[in-house]
Structures are given as C-alpha cells and as structure tokens.
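[1] Provided below are the primary sequence and the corresponding predicted coordinates.
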Amino acid sequence: MLEEKVQNYKSEIIQKTQGLIQIPSVYSKTNNPQKPFGENINTALEYMLNLGKKLGFKTKNVDGYCGYIEFGEESQEMIGIIGHLDVVPAGDGWNFPPFKGVVSDNKIFGRGAVDDKGPVISSLYAMKIIKDNYNINKRVRLILGLDEERDWRCIHYYKAHEEPPAIGFSPDADFPCIYAEKAVLSCSLSYNISNMLEEKIKIVDIDCENNPLNVVPKKCSCILKIDSKQIEMEKFIQKLKIIINNFEIDIYKIDEETIKLTSYGVAAHAAHPDLGINAISRLLVVLNKIFVEYQINIPILNFFEKYINTEYTGKSLEINCEDESGTLTLNVGQLFLKENVIEVAMNLRVPVKTEPETICSKIEKIAKTEGIKFSEIACNPALYISKKAYLPQTLCEIFNEETNSNLEPIAIGGATFARAFKNCISFGPNFPNDKDMCHQVDEYIEIDKMLKACFMYAKAILKWSLLE
C-alpha cells in the first residue's frame, strides 16, 4: 500500500526534481544579509518552501541561512531529515545541460540530481504520504541547508536558532546506512618565491577554476616567464614536450618569453579522489620536473612530488592511518599565486580513529624543515556510532527488508549534515555498487531508485513514530 502511494506521486516527484535542478544554486558572493549565499541559492530555498506550503506543510525561512518544512504538533518529539539545496559548480564537458533536469534512460540528469536535490524531493514526498495517510505521534521536519558544499554556515546558524531533532537521517550518502564518516581536514601549504624572481624560469601567474575544496579539480593553468638570454625558447619547448609526455597538458606559446601550461583532469567528489584525475596535482608535478631540469629548487614543488603527489595515503610521511572507515586520502583542491606566495590548499579525509591534529602535526613538522608554511583552514570532526546501535540497525533493517539483502552499516569518507546532530546518520540515496555521481560531469539520479528511496524514507518515519 505504501509503495503504491509512492508510485502515485511518480510524475510529480520527477517534475519537482527537474524544477529544483533548473535553479543553478551555486554559492555566490552577496551583500544582501537576507540572502547570505547568493540569489540562486535563495531561489532554491523559496522553491522548496513554496512547494512545502502547497503540499500542506508548515514552513519557515530561517533568516535566509536555511529553512524547514514540517508537520505535527510542537509538543511532539521531532524526527529530522537533513538535506541541502546548494550545489558545486557544474564545470564543462557535460553531455546534458547541467541545469535543465533532462530525463533520459530512466534517469534525471543535472547538477544536484543526486547531491542533494533528488533525495530532498524524495524525502518531502515521503513526508507527504505519511502526513496524509497515517496518524503518527511524532513531528517530522525536513531541514533545508544552503551551505553544505562550502562552510556549513547554514547548519551552524540552524543549531544556534532552532530546535535539534531527537532522531533523524540525512539523505546524502549511501544505503544501507552510514555508521561512520571520516573527519574532514582542510589545510594549506605555502611558500614565498620572492627570492626566485631573477631565475631563468619563473612562475608569473596561476589560474585554477576549482572553487570548493571538496571537488577534484578538472582544469588548472599557469604562466611561465623564460629568460631568453639564458634559455632558447624552442629548445625549452622541446624539453617541455618530453616532460609532459605522460600528462594531459597543453602548451601555448604567448610570446618569445612566455609559455602557458594548462592541465586537464576529471572532476569527482573529494571523498573519492581515486574516481577523478587531479589537474592541479598533474601541473605541480610537471612544474617540479621543469625546475629540476634547469637546476632550480622550489621547495614546495619538491615537497609536493615527494610526499603528496596525486593521492595522499600517509605512507611517505610514515603515518599509519587506516581503520574500519578506510585510509587517509587527500584532494588538492586549490592552487594560488598571490604576492609571490604559492599556496596549495588541500582537503583530507581522516579515518575515524585518528585525531586530525596528529596529521596536522606530522605534515607541519616535515614542511617546516623545507621552509614551507603549514596552515589549518578548518576541521569537521568525524561521526561514529556503533554498528549495533539502534539507529543504524533500524535503518539497515528497512533497507534489507525492501531489497532482500543482508548488508551491514558502512563507513564513508564523505561528510554529511548527519554529523551536525546527535542520534542522526545518513541513509541513501546511492544503492550498493552504484557509480558515485556526486560532483561529477553528467550527474544523475535513477528514477526507480529515487522512488525506492522515497518509500524507505517513509518507512523510517513510520518505524520511528512508534517510539515513545
């Protein structure tokens, strides 16, 4: 009966997901205090709040920082569903328009389709089905975050001004459910190259299009100035072609003394750097090889190639960092050249049983010996709940019942809003063995699985509503 009710809303769920995807809710700077994350993200919030009102829910815009949609009495204990409406930039290379919500091959394509707009719509219609057909003894609130892909200011604001849920889930990860999420550590390495401005080769500009650190960058460029009195340009280009032979890098000669290098990669979520190809990492390795070839020492480039390179595992720094949640990974997310300082910004996913401070201390200690400055930008602590606890066991049971599976709760490298609240974990929408399309080109959500997730979200609400 419940599954039939979900199917009755199929066309509406698809349509509303398409409508939400069509709002390019990428962060933008603004001076409007009522729209702290930009006009488009605010439009996405209003879209959801208006939809909630039309479906018969109570809604609230929490000062432009977030919002919520709910039903039930204020005196009742709250079940929370925590999602987000902001998305990472689309980038180029798409086969489908990133902000159209095209339906093809039983999938909805678009930026945010699976992260997190489709799951948010599925959650809302799960609430609608329960509200209209069942009498439950709990209040249910869909919390709408707006800054998940950057600094989480939305959820910090919510926690400072609104009631936390007693129990809940975030539809922003994987099935069967998540019992552990690695800590997320953002940090940077920087080095002043002022003393190298008279060298025969120097870096004069860097342009990296990547914005949030939690995306594997797909494009990065730099401009090199060559001293033509010491180096013949054509011979330099010939050496350069040999160096970049194993890398996807374009060479563009601007003038007789200036070369532009553009590195290309494949975008992916920073929690899974192995699913992408890092354009910044490629460029840094090539730059180091160029300078080494001409006996020019730039310590930050040497450090990068020796200790970090494309995927950080801690082995080079003798950090034994692996547990049931996986290994330590690193995404080089941003690269800058400002006032003669090269800065490499990174996003690390730290296993749950390792203190991020341990990682910081180790990197800082070795970097310092090379004259490189280490800075911690931010740290989001890990989430860890016993696999045997009530919360993961009940959600896992729902998934196993509906898919005829016998799976256990899992650990991930991603960070979801579940870790912002006690007694909350992530639940879907990705099914086991699904390709992770978060932050990738041609992101999509499969319609049948989105409906199945809606059904399981409704079952979770019903199951928890029986609790006293």
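    Okay, I see it. Keep in mind that this is a model prediction, so the values were computed, not measured. Numbers count the residues shown, from 1 in each chain.
[2] Could you use CA atoms for every contact and neighbour count after this?
    Will do.
[3] Check what pLDDT Ser25 gets.
    For Ser25, the model assigns a pLDDT of 98.
[4] Excluding sequence neighbours, find me the nearest residue to it.
    Ile41 (4.3 Å; Cα to Cα, 6 or more residues apart in numbering).
[5] OK, contacts around that neighbour?
    Ile41 makes contact with 23-27, 35, 85-86, 146, according to Cα atoms under 8 Å, 6 or more residues apart in numbering.
[6] Provide the secondary structure category for it.
    For Ile41, the assignment made with DSSP: H, G, I helix; E, B strand; the rest coil gives helix.
[7] do Leu395 as well
    Following three-state DSSP, the label given to Leu395 is helix.
[8] That one touches Tyr179, doesn't it?
    No: using Cα atoms under 8 Å, Leu395 makes no contact with Tyr179, being 10.4 Å away.
[9] quick one: the strands in the stretch 151-300 of the chain?
    Listed in chain order, the strands of the stretch 151-300 of the chain (DSSP state E, counting those that start in this stretch) span residues 167-170, 173-174, 178-181, 183-192, 201-208, 219-226, 249-255, 258-264.
[10] With mean pLDDT and distance to Glu343 as extra columns, can I get the ones you listed in CSV?
    Formatted as CSV, the strands of the stretch 151-300 of the chain follow (pLDDT from 0 to 100; distance: least, Cα to Cα, whole Å):
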stretch, mean pLDDT, distance to Glu343
strand 167-170, 97, 34
strand 173-174, 96, 31
strand 178-181, 96, 28
strand 183-192, 95, 4
strand 201-208, 93, 10
strand 219-226, 94, 13
strand 249-255, 90, 21
strand 258-264, 94, 17
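[11] In CSV: those strands, plus mean neighbour count and distance to Phe431.
    Below are the strands of the stretch 151-300 of the chain laid out as CSV (neighbours: other Cα atoms under 10 Å; distance: least, Cα to Cα, whole Å):
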stretch, mean neighbour count, distance to Phe431
strand 167-170, 26, 15
strand 173-174, 24, 6
strand 178-181, 27, 12
strand 183-192, 22, 23
strand 201-208, 18, 33
strand 219-226, 21, 30
strand 249-255, 14, 36
strand 258-264, 20, 30
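[12] Which one of the ones you listed lies nearest to Asp434?
    For the strands of the stretch 151-300 of the chain, proximity to Asp434 was assessed by Cα to Cα; strand 173-174 is nearest, at 9.2 Å.
[13] what's the burial count for Tyr9?
    A count of neighbours around Tyr9, defined by other Cα atoms under 10 Å, yields 17.
[14] Pull the contacting residues for it.
    Neighbour list for Tyr9: Tyr125 [criterion: Cα under 8 Å, 6+ apart].
[15] now do Lys100
    Contacts for Lys100 (Cα under 8 Å, 6+ apart) come out as 18, 21-22, 109-110.
[16] Can I take it that it is in a helix?
    No: secondary structure of Lys100 (three-state DSSP): coil, not part of a helix.
[17] how about the helices in the stretch 301-450 of the chain?
    356-369, 390-403, 447-465 (DSSP state H, counting those that start in this stretch).
[18] Can you give the distance of the helix or strand of the chain with the lowest mean pLDDT from its chain's centre?
    The helix or strand of the chain with the poorest confidence is strand 322-323; it has a mean of 86 (mean pLDDT, DSSP states H and E). Remark: strand 322-323 is offset 22 Å from the chain centroid, using Cα atoms, centre = their mean, to the nearest Å.
[19] Tell me the strands beside that strand, with direction?
    strand 326-327 (antiparallel) (DSSP bridges).
[20] Which residue is the nearest non-sequential neighbour of Ala458?
    Per Cα to Cα, 6+ apart, closest to Ala458 is Ala126, 4.6 Å.
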